[in-house]
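Student: this is a predicted model, with the sequence first.
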Amino acid sequence: MEEWSHVELRRLGRAMRVARHELGLSQEDFAEVAEIHRTYVTRLENGKVNVSWEIISRVARALRMKPSTLIARAGM
């Protein structure tokens, strides 16, 4: 799979953060639901790390949406 650009990663991270806030979840609570480390959530939301389809799927499930919806919300 091709790596995402920095712009795409920042957009995805922003979409994740907005959706997490809409659910009223802290990063810690969200990380627990998504089964990822809290510091990784921070890095994802800031667009600092490349993301796999597995992580997108976990994140989307924790945000109660389909992966395609999360990607669409990121404008991609």
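Tutor: Arrived safely, thanks for sending.
Student: any idea which helix or strand carries Trp4?
Tutor: Secondary-structure assignment from DSSP states H and E places Trp4 in no helical or strand segment.
Student: now do Phe30
Tutor: Using DSSP H and E, Phe30 sits within helix 27-34.
Student: check which element follows the helix or strand containing Thr42 along the chain.
Tutor: Counting by DSSP H and E, the element that carries Thr42 is helix 38-45. Sequence-wise, the next helix or strand downstream of helix 38-45 (DSSP H and E) is helix 53-62.
Student: can you pull up the most central residue in the protein?
Tutor: Met16 (4.2 Å; CA atoms, centre = their mean).
Student: wait, Thr69 sits on Arg61?
Tutor: No - using CB atoms under 8 Å, Thr69 is not in contact with Arg61, being 11.2 Å away. In this view, the C-beta of every residue, glycine as well, is placed from N, C-alpha and C.
Student: returning to what we had before: angle of the helix holding Thr42 against helix 27-34?
Tutor: Counting by axes from the mean of the first three to the mean of the last three CA atoms, to 10 degrees, helix 38-45 lies at 90 degrees to helix 27-34.
Student: for the closest residue to Arg17 other than its chain neighbours, give me its contacts.
Tutor: Closest residue in space to Arg17, ignoring its immediate chain neighbours: Glu45 at 4.6 Å, by CB to CB, 6 or more residues apart in numbering. Contact partners of Glu45, counting by CB atoms under 8 Å, 6 or more residues apart in numbering, are 13-14, 16-17, 20, 27.
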